[in-house]
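Enquirer: just to be clear, the model below is a prediction. Sequence and coordinates:
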Amino acid sequence: MKQENIRNFCIIAHIDHGKSTLADRFIQLTGGLELREMTEQILDNNPIERERGITIKAQAVQLHYRAASGEIYQFNIIDTPGHVDFSYEVSRSLFACEGALLVVDASQGVEAQSVANCYTALEQHLEVLPVLNKVDLQNAEPDRVADEIEQVIGISAVDALRISAKTGLNVPAVLEAVVAQLPAPKGDPDGRLQALIVDSWFDNYLGVVSLVRIVNGSIAKGEKIRVMSTGKDYEITMMGVHTPKRVFKEKLETGEVGFIIAGIKDIFGAPVGDTLTRASAPCGEQLPGFRQVQPRVFAGMFPIDAEDFEDFRESLQKLRLNDSALQFEPENSTALGFGFRIGFLGMLHMEIVQERLEREYNLNLITTAPSVVYEVLTTQGEVKKVDNPAELPEPGNIDEIREPIIVARVLMPPDYVGSVMQLCMEKRGVQRNLRYLGSQVQLEVEMPMAEVVLDFFDRLKSVSRGYASFEYDFLEFRAADLVRLDVLVNGDKVDALATIVHRDNAYNRGRDLCEKMQDVIHRQMFDIAIQAAIGSKIIARSTVKALRKDVTAKCYGGDASRKRKLLEKQKEGKKRMKQVGSVEIPQEAFLAVLGVDKKK
Amino acid sequence: MNPGAAGPGAAPVPGPDPAIPLALYLHFPWCVQKCPYCDFNSHALRGETPEDAYVEALVRDLEHELQDGERRPLASIFMGGGTPSLFSGRAIGRVLEEVGRRLSFAPGIEITLEANPGTADASHFRGYRAAGVNRLSIGAQSLDAAQLKKLGRIHDPGQAVDALRLARAAGFDNINLDLMFALPQQTQTEALADLDGVLALQPEHVSWYQLTLEPNTEFAARPPPLPDDDAVAAMFDAGQQRLADAGYAQYEVSAYARPGRRARHNLNYWEFGDYLGIGAGAHGKRSGPAGVVRRARHKHPRRYQETAGTPAAVQEQRRLSAQEMPVEFMLNVLRLNAGVAASLWEQRTGLPLSALDLPLAEARRRGLMEADPALLRPTALGHRHLNRLLELFL
């Protein structure tokens, strides 16, 4: 394929704005797949992505398009995640592209995450082509939304194509615009090989599979390549593209995007963002790669069955190959035993990791309440990073605790400004700016990250009936009057239940937490005392009264096997509980802190 | 315990283990009407009770069951239902006669029949006594007219009292009364009034059990408002005291007896003894060289009668695995306040006691079982929280 006939681009869109439908249309129009082979929305490959209607991992599809001019073009469409937690993966995908389609729902208007992703694309010098989707809907307002794109993002949208991915209206014009308006990759076909690892994943049969973008030179099957960061050499055994069916190829040329398999068995052998070169003629330097992403939220995960610890470690290592944002280190909890302290990009990321570990690796895990990273200035003048409330130094040794502050940008229709502002204030937010942009309002608020990671996203959706969107950036660490709220169960401090809270909220939190725990811990053979404490001071308490009797009334000759099955079922129901001392604590109790604000 | 019990490690003998006692359960599947709480195999009777045909089916079924040469004497017989008291004394006499032709009766055999106060009949009762029945179990359930109605019972409180009087007149000197508590909206005062009413009748044995909602019953589909757990526990405590004061000792979760009057047939279940289950939907358990086998007959009376006497009468048969044995054994023996001797485990299951080491140690550590190594006995706490205790043996 001639390099000038290659177009590498991604589709930036909010959830439900029609990205997957549009990609499906492209595949259909270019004959990439028979109609009967199309299960809906092909790009969302992972079952969790499909169920949640989101994209987590970058995917690439190669299509061949015969343009109106008669020329054949190669399109590589790189899918991008749409959720704020995964903005880092977006920037990674953008590295493989020269252009981006910004797809905006003409009835809903732009939303914050698309804006943020669009800015990232512009920073990376991508050509952005706005497209107004769903113009077939009754309430579509393409003129208003075009105006909004200009005001909010600052790119011209007068000529934005008005399409309906669902009906197919104007979709061929989008393909023509890709040819005419998006640039071809630049790169030296005769130069030494430089290929960027955009994504890697582990396949149980093939070993490590990497999605690569050939920046300079070319790469062929059977050649020896070198992973630059490790200096290790591997022979390429298979390579190819997805159309979206897997098609094997002999060669990938400058500007192309495809997968390679090089017998890499060690899951850390092909790190995302690394550069591949030819072993026999290495290039001088690595490609810039990506900035290492910092996890924002930390939580402990513990196998319910202690024997699963090694399996858990192995599963995390495998997951991490596909998810370079995942960080983990062993954690030993007095209450929960051996597990891992895991760093996540956000709450959705955490939920997805837990779901994948349970579904794909068949593990039963308890997750503790997530925490952000705090900076603690000790009385000795040291600054310590603390991502686990249990590791907060004794109050006497703390000079100051600083919490991470973010700048959140919320985009919403004017009707919801009042309730969204109220929510932000409740979350200890300080307003920075309020701007009217077209028919939307942008609110900028400084907020403690701890308040945001827990349930802000859900609350925002509910107070705005789903119309508000937001994205955020880390701003700084700022001193605050923070204390550790401990929870004692039958007089024993349960390290995994501790949280760090603002002193002003401590009493309410403690009381709500005790109440919530009383609801979720089921009655057992003994009274269970639940106490919330700051230091040695008990600030709230509740009691789970003992169940006085738990016995089957009747059991005669015909009942035994049935009773045994009931007992088995009862035991099965306790799978997601952890025995702490003599008390069985269910998973919900560990996450109770997340929900304490919700009922207000 | 039986004399001649096989010691640990004894080689398995062909045929049933003679050391394990054998009982016989006979099921009579018809009722005048189905009660909304009842999950036993019972069918509303339409028309006449098909006495002769059903008795013939029972005999054919028993004949077939005994083909393997079962020779152990019967320690007890229990005729349950449904409502066996729908059957005449003549029919019951015929059944017992046919059983006696095929199996010997141990000296002092206990022969119980379940009677519904709504079908109590003086001539029936005299007939049962004459046929050899020496124990009656009367399903009083409550002595409160309103509760009886809610429970779907066909009798009123007066009939329950009459049934006992008729039974005494017919010569029964060993009578059980079934009584439930934790009935819909029942208060503790009401529950105790019921219990006092039953105790005043001076039965030899009381089965006093909590109403629970069982799957596939009308109550499970449309649950009535039952007292909460704490109220039920309080009723239970107060009732226990009443029963003890009146001279009825609790020996099982729901069973209370005057001295020497324990239900031997039920004790055999709880001591993991063997029993033949004959009749529609009846369950049996037998031990032999092949291990412990549970067997159930077809539930529907018509299907049962069509197949009785052939292997097709058995709807389900399974051998208990060594993994299932601990909980199957424990969920019976730990119902007994006194538990059982530890040696009973090896005798009844053929497995070494060491198979219980881990869960036993945990149960003792948690204070749910007595420490005495010669006994398998729940503590008072373990007995009250039997479901939790049994989880350890899964």
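Expert: Cool, the structure landed. Bear in mind that the values here come from a model prediction, so they are computed numbers and not experimental data.
Enquirer: who's in contact with residue 194?
Expert: No chain specified, so I'll use chain A. Applying Cβ atoms under 8 Å, 6 or more residues apart in numbering or on different chains, we find A:Gln194 in contact with A:Ile214, A:Val215, A:Asn216, A:Gly217, A:Thr275, A:Leu276, A:Thr277, A:Cys283, A:Leu287. From N, CA and C alone the C-beta is placed, and that goes for glycine too.
Enquirer: looking at chain B here, not the other one
Expert: B:Ser142, B:Leu143, B:Asp144, B:Gln147, B:Leu179, B:Phe181.
Enquirer: any chance of those residues in JSON lines, plus neighbour count?
Expert: Below are the contacts of B:Asp194 laid out as JSON lines (neighbours: other Cβ atoms under 10 Å in any protein chain shown):
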{"residue": "B:Ser142", "neighbour count": "27"}
{"residue": "B:Leu143", "neighbour count": "22"}
{"residue": "B:Asp144", "neighbour count": "19"}
{"residue": "B:Gln147", "neighbour count": "21"}
{"residue": "B:Leu179", "neighbour count": "26"}
{"residue": "B:Phe181", "neighbour count": "24"}
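Enquirer: ok, back up a step: least confident pick among the contacts of A:Gln194?
Expert: Taken together, the contacts of A:Gln194 show their lowest pLDDT at A:Leu287, with 84.
Enquirer: tell me which other helices or strands the longest helix along chain B touches.
Expert: In chain B, taking DSSP state H as the definition, the longest helix is helix B:229-245. Secondary-structure packing of helix B:229-245 (3 or more Cβ pairs under 8 Å, 6 or more residues apart in numbering or on different chains; DSSP states H and E): strand B:175-181, helix B:188-200, strand B:205-210, strand B:249-252.
Enquirer: columns mean pLDDT and distance to A:Val179 on top of these, output as JSON lines?
Expert: JSON lines is the format used below for the helices and strands packed on helix B:229-245 (pLDDT from 0 to 100; distance: least, Cβ to Cβ, whole Å):
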{"stretch": "strand B:175-181", "mean pLDDT": "97", "distance to A:Val179": "82"}
{"stretch": "helix B:188-200", "mean pLDDT": "97", "distance to A:Val179": "84"}
{"stretch": "strand B:205-210", "mean pLDDT": "97", "distance to A:Val179": "78"}
{"stretch": "strand B:249-252", "mean pLDDT": "97", "distance to A:Val179": "85"}
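Enquirer: export the ones you listed to TSV and tack on distance to B:Leu320?
Expert: Below are the helices and strands packed on helix B:229-245 laid out as TSV (distance: least, Cβ to Cβ, whole Å):
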stretch	distance to B:Leu320
strand B:175-181	29
helix B:188-200	37
strand B:205-210	26
strand B:249-252	22
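Enquirer: the stretch 251-400 of chain A: helices as residue ranges?
Expert: A:309-322, A:347-360 (DSSP state H, counting those that start in this stretch).
Enquirer: any idea which of the ones you listed gets closest to chain B?
Expert: helix A:309-322 (20.8 Å; Cβ to the nearest Cβ).
Enquirer: surely B:Phe393 touches B:Met330?
Expert: Yes. In this structure, B:Phe393 is within contact of B:Met330 by Cβ atoms under 8 Å, at 4.6 Å.
Enquirer: nearest to chain B, of the contacts of A:Gln194?
Expert: A:Leu276 (52.8 Å).
Enquirer: report pLDDT for the nearest residue to the closest one once chain neighbours are set aside.
Expert: Nearest non-adjacent residue to A:Leu276, counting by Cβ to Cβ, 6 or more residues apart in numbering or on different chains: A:Ala195, 4.2 Å away. With respect to pLDDT, A:Ala195 has a value of 95.
Enquirer: ok, B:Lys34 next?
Expert: B:Lys34 is given a pLDDT of 88.
Enquirer: contacting residues for it?
Expert: B:Ser42, B:His43, B:Ala44, B:Gly152, B:Glu218.
Enquirer: may I have the phi/psi pair for the first one?
Expert: What that stands for is B:Ser42. Main-chain dihedrals, B:Ser42, degrees, to the nearest 10: phi -140, psi 150.
Enquirer: can you report how many residues lie near it?
Expert: Other residues near B:Ser42 number 23, with proximity taken as other Cβ atoms under 10 Å in any protein chain shown.
Enquirer: that one is in contact with B:Thr83, isn't it?
Expert: Yes. Between B:Ser42 and B:Thr83 there is a contact under Cβ under 8 Å: 7.5 Å.
Enquirer: any residues in contact with both of those two?
Expert: Common neighbours of B:Ser42 and B:Thr83 (Cβ under 8 Å, 6+ apart) are B:Trp30, B:Cys31.
Enquirer: hmm, back to that, got a list of contacts for the longest helix of chain B?
Expert: So helix B:229-245 is contacted by A:523, A:545, A:547-549, B:181-182, B:186, B:188, B:191-192, B:195-196, B:199, B:206, B:208, B:210, B:226-227, B:250, B:256 (Cβ under 8 Å, 6+ apart).
Enquirer: now the angle between strand B:175-181 and it, please.
Expert: Helix B:229-245 runs at 160 degrees relative to strand B:175-181, counting by axes from the mean of the first three to the mean of the last three Cα atoms, to 10 degrees.
Enquirer: beta partners of the residue lying closest to A:Val152 once chain neighbours are set aside?
Expert: The spatially closest residue to A:Val152, leaving aside those adjacent along the chain, is A:Leu437, at 4.8 Å (Cβ to Cβ, 6+ apart). Counting by DSSP bridges, A:Leu437 forms beta bridges with A:Gln440.
Enquirer: and A:Leu437, how far is that from A:Glu444?
Expert: 12 Å (Cβ to Cβ, to the nearest Å).
Enquirer: list the residues that contact the residue most central in space within chain B.
Expert: Nearest to the geometric centre of chain B sits B:Asn266, at 4.8 Å (Cα atoms, centre = their mean). Shown in contact with B:Asn266 (Cβ under 8 Å, 6+ apart): A:Tyr556, B:Phe78, B:Glu252, B:Ala255.
Enquirer: that one belongs to a helix?
Expert: Yes. Counting by DSSP: H, G, I helix; E, B strand; the rest coil, B:Asn266 is part of a helix.
Enquirer: that one and B:Ala23, how far apart?
Expert: Taking Cβ to Cβ, one finds B:Asn266 at 9 Å from B:Ala23.
Enquirer: many thanks, have a good one.
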